[in-house]
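[1] Need coordinates for the below:
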Amino acid sequence: MIVDAHCHAGTGGNRMTGPWDTSAPLDRYLRRADQAGIERSVLIPVFHDDYRKANREVGGIAARRRDRFWAFCMVHPVSDRGRIGDLVREAVERFGARGIKVHRHDAPITREVCDTARLFRLPVLYDVMSDTSGIELFAPAYRDVDFIIPHLASFGDDWRAHVALIDQLVRHPNVYADTSGTRRFDYLVEAVVRAGASKLIFGTDGPWLHPGAELTKVQLLGLSPAEAALVQGGTIRRLIGEPADQAPDHRLASQWERSPARLARRPFAAGAPAR
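    Numbering: from 1, shown residues only. Sure, this is the predicted structure:
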């Protein structure tokens, strides 16, 4: 099963500065995702000044299509201070939320967010906006919480952030990255080579980025059948508590033989980093 682990939905609040805080319609996205073979999508609210309202809207969309969607709730670490647990509890109990989204554009992640994730055993999707330094603080402090860093740490194409995060993927067992919006292909290759395919999660940042184009980047890595199954759905399903797929499709084996990821491993042969 191919799962898009990062797709926005719903409408924004009072601000309308761009698509990211105005609206995220799913009609064209769903047609494109179906054509690409994406069977499930994780829905996330857009920026909002009232995340309780945004979570209810996105949770309702997911609840009406339980065969197609899972939902993450979103919180503002500062504006929602003191009630983050209440917001997440409502999202979990009413709509079956599977994770928590935090964006550094709102505010940096806090202990309250991490404690809430620990309490409800939910992964945290945290957009660090290229500032990877905080990962060195919250990842070791909350070893029992899984953190997914979207865009390989930078939607803004900051190669320094990509390099820093790849090192953190290797060192921190509870830190993962999603592929959405990552334009520098060789850093995706390096993430697989150094950290292992189990640390990379397919996402699109839909509906604004084309799901087929984002999936093609992952498929061009030419991962082994087992690795492809992890990146394209296995790891995110494990993190949100969904059962694993059946054995991967071994028809992908010939693609693996000539893949960028396999060829990139050759120089590492004897001294490859542990995974």
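
[2] where's the residue nearest to residue 112 when sequence neighbours are not counted relative to residue 94, distance?
    Leaving aside its sequence neighbours, residue 112 sits nearest to residue 84 (CB to CB, 6 or more residues apart in numbering; 5.0 Å). For every residue, glycine as well, the C-beta is placed using N, CA and C. Per CB to CB, to the nearest Å, residue 84 is found 16 Å from residue 94.

[3] Strands along the stretch 51-200 of the chain, start to end?
    Per DSSP state E, counting those that start in this stretch, the stretch 51-200 of the chain carries strands over the ranges 69-74, 99-103, 124-127, 147-149, 175-178, 200-201.

[4] could you say what helices and strands the shortest one packs with?
    Read that as strand 200-201. Using 3 or more CB pairs under 8 Å, 6 or more residues apart in numbering; DSSP states H and E as the contact test, the elements touching strand 200-201 are strand 175-178, helix 185-195, helix 235-239.

[5] if we compare these, which one ends up closest to residue 99?
    Among those, the nearest to residue 99 by CB to CB is helix 235-239 (7.6 Å).

[6] can you list the residues that contact the closest one?
    With CB atoms under 8 Å, 6 or more residues apart in numbering as the test, helix 235-239 has contacts from 1, 3, 5, 42, 99, 123, 146, 148, 176, 198-202, 243-245.

[7] Columns mean neighbour count, distance to residue 20 and mean pLDDT on top of the strands of the stretch 51-200 of the chain, output as JSON lines?
    Rendered in JSON lines, the data for the strands of the stretch 51-200 of the chain read as follows (neighbours: other CB atoms under 10 Å; distance: least, CB to CB, whole Å; pLDDT from 0 to 100):
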{"stretch": "strand 69-74", "mean neighbour count": "26", "distance to residue 20": "12", "mean pLDDT": "98"}
{"stretch": "strand 99-103", "mean neighbour count": "25", "distance to residue 20": "9", "mean pLDDT": "98"}
{"stretch": "strand 124-127", "mean neighbour count": "25", "distance to residue 20": "11", "mean pLDDT": "98"}
{"stretch": "strand 147-149", "mean neighbour count": "25", "distance to residue 20": "18", "mean pLDDT": "98"}
{"stretch": "strand 175-178", "mean neighbour count": "25", "distance to residue 20": "16", "mean pLDDT": "98"}
{"stretch": "strand 200-201", "mean neighbour count": "29", "distance to residue 20": "20", "mean pLDDT": "98"}
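
[8] With distance to residue 221 added, can I get the ones you listed in JSON lines?
    Shown next, in JSON lines, are the strands of the stretch 51-200 of the chain (distance: least, CB to CB, whole Å):
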{"stretch": "strand 69-74", "distance to residue 221": "24"}
{"stretch": "strand 99-103", "distance to residue 221": "24"}
{"stretch": "strand 124-127", "distance to residue 221": "22"}
{"stretch": "strand 147-149", "distance to residue 221": "18"}
{"stretch": "strand 175-178", "distance to residue 221": "13"}
{"stretch": "strand 200-201", "distance to residue 221": "9"}
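
[9] need the contact list for the closest residue to residue 14 other than its chain neighbours.
    With sequence-adjacent residues excluded and distances taken as CB to CB, 6+ apart, residue 14 is closest to residue 49, at 5.6 Å. Residues near residue 49 by CB under 8 Å, 6+ apart: 13, 14, 15, 79.

[10] close enough to count as contact, residue 60 and residue 95?
    Yes - if you go by CB atoms under 8 Å, residue 60 and residue 95 touch, sitting 7.0 Å apart.

[11] tally of neighbours for residue 184?
    14 (other CB atoms under 10 Å).

[12] quick one, phi psi at it?
    Main-chain torsions, residue 184, degrees, to the nearest 10: phi -90, psi 100.

[13] Retrieve the pLDDT associated with it.
    Residue 184 carries a pLDDT score of 96 in this model.

[14] How about the one 10 residues further on?
    We have a pLDDT of 98 for residue 194.

[15] What number of residues are in the vicinity of it?
    Per other CB under 10 Å, the neighbour tally for residue 194 reads 19.

[16] Quick one: residues contacting it.
    Contacts of residue 194 (CB under 8 Å, 6+ apart): 166, 167, 169, 170, 273.

[17] So among those residues, where is pLDDT lowest?
    When the contacts of residue 194 are compared by pLDDT, residue 273 scores lowest at 36.

[18] Was I right to think residue 116 contacts residue 88?
    Yes - Residue 116 lies in contact with residue 88 (CB under 8 Å); the separation is 5.1 Å.
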